[in-house]
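Enquirer: Sequence and computational prediction follow.
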Amino acid sequence: MNLHRTGSAIALVFVALGSPLLAQSQDPAARAAATEAAMTDEERVVITNGVMPLPFLPGVKVPEGAVPGAGFVPGIPRLGIPNLTETDASLGVSYVMGLRGPEGATALPSGTAMGSTWNVELMRRGGAMIGSEARAKGFNVLLAGGVNLMRDPRNGRTFEYLGEDPLHSGLLGGAAIAGIQSNHIISTVKHFALNGQETARNFVNSKITDANARESDLLAFKIAIERGQPGSVMCAYNRVNDAQACGNDYLLNQVLKRDWGYKGFVMSDWGAVHGLDFALKGLDQQSGAQLDPKVFFGKDLLEAAARDPAYRERMRDMNRRILYAIYAANLDKHPVSPGGAIDRKANADIAEEVARQGIVLLRNRGNALPLAATVKRIAVIGGYADTGVLSGAGSSQVHGDGGAAATVSLGGTGPFAALISEQYHRSTPPLDAIKARARDAKVTFRTGAYITDAVASASKADVAIVFANQWQTEGLDQPDLSLPRGQDALIAAVAAANPNTIVVLQTGSAVAMPWLEQTAAVVEAWYPGVRGGEAIAAVLFGETNPSGRLPITFPASIADLPRPKLDGSDTIEPDFQGRAGAELGLEADYDIEGSDLGYRWNARTGRKALFPFGHGLSYTSFESSGLKVAGMKASFTVTNTGQREGATVAQLYMVATPGGPQQRLAGFRKVSLKPGESRKVALEIEPRIVAEWENGGWSIAGGEYRFALGDDAENLGQPVTVKLPARRWAK
Ligand code: GLC
């Protein structure tokens, strides 16, 4: 007699009779255990794998109930388990080359723009908005929550992520996840972990010690998981210390499940599962299984479970974890279906607020900005500013209704040539938004394709505004930080012709600026989303006082990076899927910088940035004073010492430990102030920023520590010293 079947039958009776225990229990773990106990073995390999329900994929019949999107996992109606309908991603419900869903979605600005807001509450609102659109389109899983740290600014997915600092990324990412899940849908947090480049992404081997990982990338995930409680963690394509991230016992079983006590489930990235044994290493669900060599987590898992108790226990735990996430988000009680109502205007308003708060004023010589509405002649040049605003490509690509305003083909003949292109959102084009604010001006536009033409236009204008773009896509890294297609030369020539030249950058990441000293002002607008044109013009004309602060260091030179040569960039042809690498044994040695990436690396090595982490100018001025630190609490006062309202980001840095100088962001707060207004700010210092990870736990050595307030990572106020007692803990 098969005890498991009998057990299931009895448990089923309980479920069917609505046992008092079950009926009363809202505890997702108890519900998950009861439902799993009622499953037959055949049912235990249903929700452990899913497909990519896209009609064009070979061998895929779009299953009943699937919504065209990233993934579909069939539910089990007998047990009230809903289908999982999955889509991307962090910047809005993705449209991915027009293959998902009949209509568009609201495009938030890029992750770098969101990271530049340093506004935790706004991140939650943005997440709530895209989560509501996912629900309205019939999706109950949003594959969002990208919190990988920006270890290399050339990483082609930098535009999807939030920044280079674990506290900043963890708090902002966690808020976005919480916002998404407030719609009774599951969000992921991804890509777990140390997924730092696209070149040979399926095999590049991220080498890093446990301590260095725990104090950087893993800390970002830990904080995001604490704050956001994501139902699922998506493991990454790359290797970590020789083992694939989705089959990595250290990452999944030891860190995530044992040390962190994570109760949800680990889903694979699409095409990231190399074998059935990944189940034993901690993977719970095989996503997009048709992209893998085979469906491991189906019949193969069932057969392994029949002969091996380790697989049997894993199979049951996999189901309990997926069910835990389903019940924690109440997916079964709040079923989704396509065709829900969407308030496009309200949603676009949120996207615009993110854009306005995410735009960073990098340079403003002689207060060239804001522009006066009475300016007479404006030459607008380049960047498709007459068309729309730039967006990033790959799985996170979002389209508004009607699709892109313009797409620039990548060329080539491979499968991705038709699917990946440089796309411009249908925002009000920046040119039109500028014209609307400078009604008395003669505003001209030149594409910038011909430098002499652009120079001729600029030399006849009071102000020249050059839009310069760096497009990024999943699957490709940048070879360097230059602006592509001769834009650096264009800017230099225009600035030579007109000293009142303003550069508006739409980039996914940090870029070099060889022309910087010749310009009057530089505005970093990132990929500003569906209302990007309005947001850019609002900042240029002073309707919005810029409050963005850099979430990533703009290095003075690539030579200043821990790995000046991007790993594999000289040996591997870009192929979007990053398949190369296995036989090449490609390694990324993250222990060069360890947990000191970005501004921390510059502080440790005495380097100065082109523009430092946390940098951003304003149309007013601020002062911070009265810093006091007692234990893990800090307080200080911020004052708006200028003539107009504005917001700033108070940044508290640890700058020294008993072991010597060490800079780490220890807390931050965005503060809006009227002219002359002062505000007292109290901050809790994150102890894991002060601590070191050693011998399997966090340790704060007793002794003197120094903290300082900063306008950015390099411009710090007078430090204060505080004695901290020795302390050790596990979590
Ligand atoms: C991708 C990405 C991941 C995305 C998934 C589904 O290749 O790495 O971020 O969620 O596939 O589209």
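Expert: Right, received. Where do you want to start?

Enquirer: okay, the residue of the stretch 401-550 of the chain found nearest the ligand: pLDDT?
Expert: Ranking the residues of the stretch 401-550 of the chain by distance to the ligand (C-beta to the nearest ligand atom) places Glu474 first, at 6.3 Å. For every residue, glycine as well, the C-beta is placed using N, CA and C. For Glu474, the pLDDT comes out at 94.

Enquirer: Once you drop chain neighbours, what's closest to it?
Expert: Ranked by C-beta to C-beta, 6 or more residues apart in numbering and with sequence neighbours excluded, the top spatial neighbour of Glu474 is Gly394, at 2.5 Å.

Enquirer: Then Ala436?
Expert: In space, Ala436 comes closest to Ala537 once its chain neighbours are excluded; the distance is 7.2 Å by C-beta to C-beta, 6+ apart.

Enquirer: ok, now how distant is that neighbour from Gln254?
Expert: According to C-beta to C-beta, to the nearest Å, Ala537 and Gln254 sit 51 Å apart.

Enquirer: In terms of neighbours, single out the busier of those two.
Expert: Taking Ala537 and Gln254 together and counting by other C-beta atoms under 10 Å, Ala537 has the greater number of neighbours (25 against 15).

Enquirer: ok, the more buried one - contacts?
Expert: 430, 433-434, 436-437, 543 (C-beta atoms under 8 Å, 6 or more residues apart in numbering).

Enquirer: what helix or strand is it on?
Expert: When secondary structure is defined by DSSP states H and E, Ala537 falls within helix 532-540.

Enquirer: For the stretch 451-600 of the chain, give me the ranges with low pLDDT.
Expert: In the prediction, the stretch 451-600 of the chain carries residues with pLDDT under 70 at positions 576-583.

Enquirer: cool, the stretch 151-300 of the chain as well?
Expert: Across the stretch 151-300 of the chain, no stretch falls below the confidence threshold (pLDDT under 70).

Enquirer: near the ligand, which residues of it show up?
Expert: By C-beta under 6 Å from any ligand atom, the residues of the stretch 151-300 of the chain that approach the ligand are 190, 269-270.

Enquirer: which of those residues has the most neighbours?
Expert: Ranked by neighbour count (other C-beta under 10 Å), those have Lys190 at the top, with 29 neighbours.

Enquirer: Mind checking what helix or strand follows the helix holding Ala537 in sequence?
Expert: With elements assigned by DSSP H and E, the helix or strand that comes after helix 532-540 is strand 587-589.

Enquirer: which strands and helices sit next to that following strand?
Expert: strand 205-207 (3 or more C-beta pairs under 8 Å, 6 or more residues apart in numbering; DSSP states H and E).

Enquirer: quick revisit: how about the contacts made by the residue nearest to Glu474?
Expert: With contact set as C-beta under 8 Å, 6+ apart, Gly394 has these partners: 156-157, 160, 420, 473-475.

Enquirer: please redo it, this time with the cut-off set to 6 Å
Expert: If you count contacts by C-beta atoms under 6 Å, 6 or more residues apart in numbering, Gly394 has them with 473-475.

Enquirer: Give me the longest strand you can find in this structure.
Expert: Secondary structure of the chain per DSSP state E: the longest strand is strand 660-673.

Enquirer: which residues are in contact with the next helix or strand after it?
Expert: Sequence-wise, the next helix or strand downstream of strand 660-673 (DSSP H and E) is strand 678-684. When contacts are taken as C-beta under 6 Å, 6+ apart, the neighbours of strand 678-684 outside the stretch itself are 634-639, 650, 652, 667, 669, 671.

Enquirer: go with 8 Å
Expert: The set of residues that contact strand 678-684 without belonging to it, under C-beta under 8 Å, 6+ apart, is 632-640, 650, 652, 666-669, 671, 673.

Enquirer: Buried subset of those residues, written for ChimeraX?
Expert: Here is the ChimeraX command that selects only those of those that count as buried (16 or more other C-beta atoms under 10 Å):
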select :632,634,636,638,639,640,650,652,666,667,668,669,671,673
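
Enquirer: Beta-bridge partners for the closest residue in space to Phe668 that isn't next to it in sequence, please?
Expert: Distances taken as C-beta to C-beta, 6+ apart put Gln651 closest to Phe668, at 5.0 Å, once the chain neighbours are dropped. With DSSP bridges as the criterion, the beta-bridge partners of Gln651 are Phe668, Gly710.

Enquirer: can you check Ala464 too?
Expert: Taking DSSP bridges as the rule, Ala464 bridges to Ala379, Thr501.

Enquirer: so who does it touch?
Expert: Counting by C-beta under 8 Å, 6+ apart, the residues that Ala464 touches are 378-379, 381, 457-458, 494-495, 497-498, 500-502.

Enquirer: before we move on, what about Leu172?
Expert: With contact set as C-beta under 8 Å, 6+ apart, Leu172 has these partners: 114-115, 117-118, 120, 123, 162-163.

Enquirer: okay, those in CSV with neighbour count and secondary structure next?
Expert: Formatted as CSV, the contacts of Leu172 follow (neighbours: other C-beta atoms under 10 Å; DSSP: H, G, I helix; E, B strand; the rest coil):
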residue, neighbour count, secondary structure
Met114, 32, helix
Gly115, 27, helix
Thr117, 29, helix
Trp118, 30, coil
Val120, 18, helix
Met123, 26, helix
Leu162, 33, coil
Gly163, 31, coil
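
Enquirer: Farthest-apart pair in those, please.
Expert: Using C-beta to C-beta, the pair of the contacts of Leu172 lying farthest apart is Val120 and Gly163, separated by 12.8 Å.

Enquirer: Which strand or helix spans Asn183?
Expert: With DSSP H and E as the criterion, Asn183 is inside neither a helix nor a strand.

Enquirer: Identify the residue nearest it in space, chain neighbours excluded?
Expert: Closest residue in space to Asn183, ignoring its immediate chain neighbours: Gly131 at 3.9 Å, by C-beta to C-beta, 6+ apart.

Enquirer: so how far is Ala34 from Glu353?
Expert: The gap separating Glu353 from Ala34 is 44 Å, by C-beta to C-beta.

Enquirer: whoops, Trp526 was the one
Expert: Distance check for Trp526 against Ala34: by C-beta to C-beta, it reads 47 Å.

Enquirer: what's the spatially most central residue of the chain in contact with, if anything?
Expert: If you average the C-alpha coordinates of the chain and look for the closest C-alpha using C-alpha atoms, centre = their mean, you land on Tyr161, 2.7 Å from that point. The contact partners of Tyr161, by C-beta under 8 Å, 6+ apart, come to 111-112, 115, 146-150, 169.

Enquirer: Just name the closest of the residues you listed to Ile225, please.
Expert: For the contacts of Tyr161, the minimum distance to Ile225 (C-beta to C-beta) is 9.3 Å, reached by Val147.

Enquirer: Number of residues surrounding the closest one?
Expert: Using other C-beta under 10 Å, the number of residues around Val147 comes to 35.

Enquirer: ok, it - contacts?
Expert: Listed by C-beta under 8 Å, 6+ apart, the contact set of Val147 reads 161-162, 169-170, 173, 189-190, 220-221, 224.
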